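*Asks:* Just a sequence and a predicted model for now, questions to come.
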Amino acid sequence: MRSDVVKKGVPAAPNRSLLYALGYTKEELERPLIGVVCSYNEIVPGHMNLDKIAEAVKAGIRAAGGTPVEFPAIAVCDGIAMGHIGMKYSLVTRDLIADSTEAMAMAHQFDGLVMIPNCDKNVPGLLMAAARVNVPTIFVSGGPMLAGRLNDGRRTCLSHMFEAVGSYYAGKLDEAGVEEYETNACPTCGSCSGMYTANSMNCLTEAIGMALRGNGTIPAVWSARLRLAKHTGMKIMELVEKDIRPRDIMTAAAFHNAETIDMALGCSTNTMLHLPAIAHECGIELSFDMANEISGKTPNLCHLAPAGDTYMEDLERAGGVYAVMSELAKAGLIDTSLPTCTGKSVAENLEGVVNRDRNLIRPIEEPYSKTGGIAVLKGNLAPDGCVVKQSAVAPEMMVHEGPARVFNSEEEAIEAIYAGKIVAGDVVVIRYEGPKGGPGMREMLNPTSAIAGMGLDKDVALITDGRFSGATRGASIGHVSPEAASGGTIGLVEEGDLIAIDIPAHTIELKVSAETLEARRAGWVCPEPKIKTGYLARYAKLVSSADKGAILG
């Protein structure tokens, strides 16, 4: 066993003495040591139940003959961090999580790992660590939140809550109406109830083969989630025995599958940051261009919130991620020969799977659209690309041209939006919010929700070198690369410049002559860094551009 280096023989006697100090018995130390990486904390709703999940995982490990050893991983709540300096610390935690988990796993030589994440950066951070350490590993998330209900019986969720604030500033909702949303939008523990980033990544963890069926969709408050955790604990012992490792599962073909399933589900645009970063740890390059190639032949089968009015609990009842994969498999769009953490192939996993709701998961021959949920646009404004969740864009905004309203920070933009200074036809440009310029590439859920809450989501586009929450809807185009702080064209846009967006054609153009742009570029001066000390300053010096996954060099 890998752990023998700290357990066996006279040279390991000092190590054993410290393990005995922890209360482990000789009998326990004769079994495989399984690291249980638990992201429990008391500030993230998606993580407040993870102590229960960890206990269930540990019970499963013991039942199958292993010795569980728990240690923590951090997690940020993007919703609580939204709209202030805290959001600069969201994306950057992905690398902190990967680094610290790698350090713990390597320092203590576990034979296998069970990762227990749930929220946005926590899931990809742990997947990155799993790829680096490359010992047998399996995932089980904390599960999604149930949808809320308003007093009149309408279902609701966090994205509606953010949009309610915009409605308030537009005079469409009073304070009592806002309070009704805030007391009903998030009714249980779990990752927020729509196909936002956390649930997108938990579904894709299942799709790529690193978690058991139901990982992405069984609600946090269902007892089935605890049974899943126990089975996950049992399954890691099989993976250790068979020496099945993350890089055996997370192959180039598996990432191709994941991107295909991403397009069918209508996942968050943040997956375009996280999948390349995870693949990078596996020695695989995922390019932006692959996204359009896959999207071009993958139909969009699901319209969960914010694209529609269905939620993760509905997807679970309809058959979950496996039912979506089954539809894709019928058309030969995914490789079903690949191995997974179940010890079986994708094809074996899909045997007997039924789509139980053909309205929620559209059949492959009757999709919401013939192309996938995400599109990458390129043009002189974004030579290296930018990303939009096209499945959440109103038809009338798929092609749009309008004057630029330019802001050098999210705060400047939200002030103008709340003050009613943005009007139909405008293209809001928020820059110097990229990985380096932010630093930390903040999500722009407040501005997009304000625009939607004011009823302008069918009339106004928003473009940024920052990124968007999975809860964002509308013509919200992020990850503009190169970013402004790196000399990208977005830093040269001036108030009133016309910007043309054509999502079906995958183009985005600043309608300014090349000569004018060159003159502006000659006079451009990179602004002083917004933050000059601490982790964010170090991050800004090391991070790559968004089109490369915002990975650290």
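*Replies:* Looks like it arrived, so ask away. All figures in this text were calculated on a predicted structure; none of them were measured in a lab.
*Asks:* What residues does residue 374 make contact with?
*Replies:* Neighbour list for residue 374: 262-263, 267, 269, 271-272, 291, 295, 387-391 [criterion: C-beta atoms under 8 Å, 6 or more residues apart in numbering]. Quick note: C-beta positions are derived from backbone N, CA and C, even for glycine.
*Asks:* burial count for residue 84?
*Replies:* 12 (other C-beta atoms under 10 Å).
*Asks:* How about residue 157?
*Replies:* Around residue 157 there are 27 other residues, counting by other C-beta under 10 Å.
*Asks:* could you measure the closest residue to it other than its chain neighbours against residue 529, distance?
*Replies:* By the measure of C-beta to C-beta, 6 or more residues apart in numbering, the closest residue to residue 157 outside its immediate chain neighbours is residue 193, 4.8 Å from it. Summarising the geometry, the distance separating residue 193 from residue 529, computed by C-beta to C-beta, to the nearest Å, is 37 Å.
*Asks:* Same drill for these two, tell me which one is more crowded.
*Replies:* Counted by other C-beta under 10 Å, residue 193 and residue 529 do not tie: residue 193 has more neighbours, with 31 against 16.
*Asks:* tell me which element residue 521 falls in.
*Replies:* For residue 521, the host element (DSSP states H and E) is helix 514-523.
*Asks:* ok, then the element right after that helix?
*Replies:* Tracing the chain past helix 514-523, the next element assigned as helix or strand by DSSP H and E is helix 534-542.
*Asks:* got the buried residues for that following helix?
*Replies:* By neighbour count on 16 or more other C-beta atoms under 10 Å, the buried set for helix 534-542 is 535, 536, 539, 540.
*Asks:* same check, this time on stretch 97-112
*Replies:* By neighbour count with 16+ other C-beta under 10 Å, stretch 97-112 contains the buried residues 97, 98, 100, 101, 102, 104, 105, 108, 109, 110, 111, 112.
*Asks:* OK, contacts around the second one?
*Replies:* The contact partners of residue 98, by C-beta under 8 Å, 6+ apart, come to 125, 126, 128, 129, 132, 281.
*Asks:* try it again with 6 Å
*Replies:* Neighbouring residues of residue 98 by C-beta atoms under 6 Å, 6 or more residues apart in numbering: 125, 128, 129.
*Asks:* Next, the contact list for the last one, please.
*Replies:* Translated: residue 129. Taking C-beta under 6 Å, 6+ apart as the criterion, residue 129 is in contact with 98, 101, 102.
*Asks:* which one of those residues is nearest residue 434?
*Replies:* Nearest to residue 434 among the contacts of residue 129: residue 98, at 20.4 Å, using C-beta to C-beta.
*Asks:* Looks to me like the closest one is in a helix.
*Replies:* Yes. The secondary structure assignment for residue 98 places it in a helix, going by DSSP: H, G, I helix; E, B strand; the rest coil.
*Asks:* Look up the closest residue to it, ignoring the ones flanking it.
*Replies:* Leaving aside its chain neighbours, residue 98 sits nearest to residue 128 (3.9 Å; criterion: C-beta to C-beta, 6+ apart).
*Asks:* I'd guessed that neighbour sits against residue 281; true?
*Replies:* Yes. With contacts defined as C-beta atoms under 6 Å, residue 128 counts as touching residue 281 at a distance of 4.7 Å.
*Asks:* Give the rounded mean pLDDT of stretch 218-225.
*Replies:* The average pLDDT within stretch 218-225 is 98.
*Asks:* Span of that stretch from start to end?
*Replies:* One end of stretch 218-225 to the other measures 6 Å (C-alpha to C-alpha, to the nearest Å).
*Asks:* How about stretch 257-274?
*Replies:* For stretch 257-274, the first-to-last residue distance is 15 Å (C-alpha to C-alpha).
*Asks:* and if you look at stretch 478-491?
*Replies:* Using C-alpha to C-alpha, the end-to-end distance of stretch 478-491 comes out at 14 Å.
*Asks:* can you check stretch 297-309 too?
*Replies:* Using C-alpha to C-alpha, the end-to-end distance of stretch 297-309 comes out at 25 Å.
*Asks:* roughly how far out does it sit from the chain middle?
*Replies:* Distance, stretch centre to chain centre, for stretch 297-309: 16 Å (C-alpha atoms, centre = their mean, to the nearest Å).
*Asks:* Tell me the buried residues in stretch 248-262?
*Replies:* If you call a residue buried by 16+ other C-beta under 10 Å, then stretch 248-262 has these buried ones: 248-251, 254-262.
*Asks:* Residues touching that stretch, excluding its own?
*Replies:* Counting contacts by C-beta under 6 Å, 6+ apart, the residues touching stretch 248-262 from outside are 204, 207-209, 271, 279, 282, 284, 286, 294, 298, 333-335, 338-339.
*Asks:* Looking at these, which are in helices?
*Replies:* Judged by DSSP state H, the subset of the contacts of stretch 248-262 located in helices is 204, 207, 208, 271, 279, 294.
*Asks:* quick one: which of the residues you listed is nearest to residue 459?
*Replies:* Minimum distance to residue 459 across those is 27.4 Å, recorded for residue 271 (C-beta to C-beta).
*Asks:* That closest one touches residue 200, doesn't it?
*Replies:* Yes. Taking contact to mean C-beta under 6 Å, the distance of 5.5 Å between residue 271 and residue 200 places them in contact.
*Asks:* Now rank the contacts of residue 374 by neighbours and give me the top one.
*Replies:* Taking other C-beta under 10 Å as the neighbour criterion, residue 267 ranks highest of those with 32 neighbours.
*Asks:* out of everything not next to it in sequence, what's closest to it?
*Replies:* Using C-beta to C-beta, 6+ apart, the closest residue to residue 267 is residue 200 (3.6 Å).
*Asks:* Please list all residues in contact with residue 237.
*Replies:* By C-beta under 6 Å, 6+ apart, the contact set of residue 237 is 64, 65, 66.
*Asks:* Switch the residues you listed over to CSV; also include pLDDT and distance to residue 418.
*Replies:* Supplementary listing: these in CSV, determined by pLDDT from 0 to 100; distance: C-beta to C-beta, whole Å:
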residue, pLDDT, distance to residue 418
64, 98, 55
65, 98, 59
66, 98, 54
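*Asks:* Columns distance to residue 8 and secondary structure on top of these, output as a markdown table?
*Replies:* Supplementary listing: the contacts of residue 237 in a markdown table, determined by distance: C-beta to C-beta, whole Å; DSSP: H, G, I helix; E, B strand; the rest coil:
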| residue | distance to residue 8 | secondary structure |
| --- | --- | --- |
| 64 | 21 | coil |
| 65 | 18 | coil |
| 66 | 16 | coil |
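*Asks:* Mark which of those are buried, thanks.
*Replies:* 64, 66.
*Asks:* any idea which of the contacts of residue 237 is the one closest to residue 373?
*Replies:* residue 64 (37.8 Å).
*Asks:* ok, the closest one - contacts?
*Replies:* Residue 64 makes contact with 234, 237 under the criterion C-beta under 6 Å, 6+ apart.
*Asks:* got the phi/psi numbers for it?
*Replies:* Taking degrees, to the nearest 10, you get phi -100, psi 10 for the backbone angles of residue 64.
*Asks:* swap in the one 3 residues further on?
*Replies:* Summarising the backbone geometry of residue 67 under the convention degrees, to the nearest 10, its torsions are phi -120, psi 110.
*Asks:* where's the residue nearest to residue 267, which helix or strand?
*Replies:* Counting by DSSP H and E, residue 200 is part of helix 197-208.
*Asks:* Packing partners of that helix?
*Replies:* Helix 197-208 makes packing contacts with helix 122-133, helix 252-265, helix 320-330 when contacts are defined by 3 or more C-beta pairs under 6 Å, 6 or more residues apart in numbering; DSSP states H and E.
*Asks:* Output that helix in CSV, but only the C-alpha positions, please.
*Replies:* Once side chains and other backbone atoms are set aside, the C-alpha atoms of helix 197-208 remain, and they are given as CSV (Å, rounded to 0.1, in the frame of the first residue of the first chain):
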residue,chain,number,x,y,z
THR,A,197,-21.9,26.8,-11.6
ALA,A,198,-21.9,24.5,-8.6
ASN,A,199,-24.5,22.2,-10.0
SER,A,200,-23.0,22.4,-13.4
MET,A,201,-19.6,21.2,-12.1
ASN,A,202,-21.2,18.5,-9.9
CYS,A,203,-23.1,17.2,-12.9
LEU,A,204,-20.0,17.3,-15.0
THR,A,205,-18.0,15.4,-12.3
GLU,A,206,-20.6,12.7,-12.7
ALA,A,207,-20.5,12.9,-16.5
ILE,A,208,-16.7,12.7,-16.7
